[in-house]
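> Quick one: sequence plus predicted model below, questions after.
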Amino acid sequence: MKSLKENIKFAATSPRAKRLKRRSLAVHDGPEVHALLEKAYDGTYGYPIGGMWSLESVVSEIEKGCGWALFRGNGLLAFVLLREIGLVWDTTFLATDPNFQGQGYMRDLFGFVLQQVPSGGAVWLEVHEGNLPAHRLYRRLGFRRVGMRPQYYRDGGAAILFEWVARK
C-alpha cells in the first residue's frame with residue numbers, strides 16, 4: 001500500500017483552488033512554514049501552541065513527515081504537516097495565514113488530504129480549548145472529540161484531542 005505521502009496527487013477541486021498552487025512541502029519551505037507558525041500562533045491572532053518550534057525543528061518535521069501547502073503567488077497561504085505512523089497520521093501542526101483565515105482555505109486543503117486516507121486510516125490532532133473556529137472546522141470535516149490534555153498550552157489552556165477515521 002502506498003503511504004499517504006506517495007498517494008496524494010493534487011488536483012484542482014474547486015474554481016478557487018485553480019488560482020492557488022498546491023503542492024507537497026519541501027525542506028526549502030522550512031523558513032516560510034516557520035514564519036507562518038510564528039505569525040499564526042503568537043497569541044495575537046489566535047491561540048499559542050505548546051511551545052514555539054525552531055526553524056531546525058520545522059525543517060526536521062518536513063523531512064520526516066507528510067506536508068502539503070497552498071501558495072498564492074509567492075506566499076504560503078496554509079499548510080498541514082502530519083507524521084505517518086502505520087494507518088495513523090498525527091497532525092504535527094497546521095496553520096493558515098491570519099490575513100486569510102475564515103475563507104475556507106484550510107477546509108479545502110485539509111479536506112483534500114483526508115480524502116486520500118485509506119479506509120480504516122485515522123488522522124489525529126489537538127487544538128486549544130478556546131480556538132472555537134478550529135473546533136467547528138474539524139467537526140465540519142468529520143473529526144470527533146476523543147480526549148483532553150489539561151493545562152497543555154503555555155497560557156494554561158487545555159488541548160482538545162480530535163480523531164478522524166476514513167470510512168470508504
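Received, thanks. Numbers count the residues shown, from 1 in each chain.
> Where do the helices of this structure begin and end?
For the chain, the helices defined by DSSP state H cover 4-7, 15-18, 30-40, 55-64, 105-115, 132-140.
> isn't Asp97 right up against Ala35?
No - look at Asp97 against Ala35 with CB atoms under 8 Å: they stay out of range, at 9.9 Å. In this view, the C-beta of every residue, glycine as well, is placed from N, C-alpha and C.
> Poorly predicted segments of this structure, please.
1-18, 43-51, 168 (pLDDT under 70).
> Would you mark the buried spots in stretch 149-165?
Tyr152, Tyr153, Gly157, Ala158, Ala159, Ile160, Leu161, Phe162, Glu163, Trp164 (16 or more other CB atoms under 10 Å).
> nope, stretch 129-148 is what I meant
Under 16+ other CB under 10 Å, the buried positions of stretch 129-148 are Glu129, Asn131, Ala134, His135, Leu137, Tyr138, Leu141, Phe143.
> how about these in JSON lines, adding distance to Gly73?
Shown next, in JSON lines, are the buried residues of stretch 129-148 (distance: CB to CB, whole Å):
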{"residue": "Glu129", "distance to Gly73": "35"}
{"residue": "Asn131", "distance to Gly73": "27"}
{"residue": "Ala134", "distance to Gly73": "25"}
{"residue": "His135", "distance to Gly73": "30"}
{"residue": "Leu137", "distance to Gly73": "24"}
{"residue": "Tyr138", "distance to Gly73": "28"}
{"residue": "Leu141", "distance to Gly73": "26"}
{"residue": "Phe143", "distance to Gly73": "31"}
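> Mind telling me the two of those farthest from one another?
Pairwise distances across the buried residues of stretch 129-148 peak at 18.5 Å for Glu129 and Leu141 (criterion: CB to CB).
> first vs last residue of stretch 115-122, how far apart are they?
Taking CA to CA, to the nearest Å, stretch 115-122 runs 11 Å from one end to the other.
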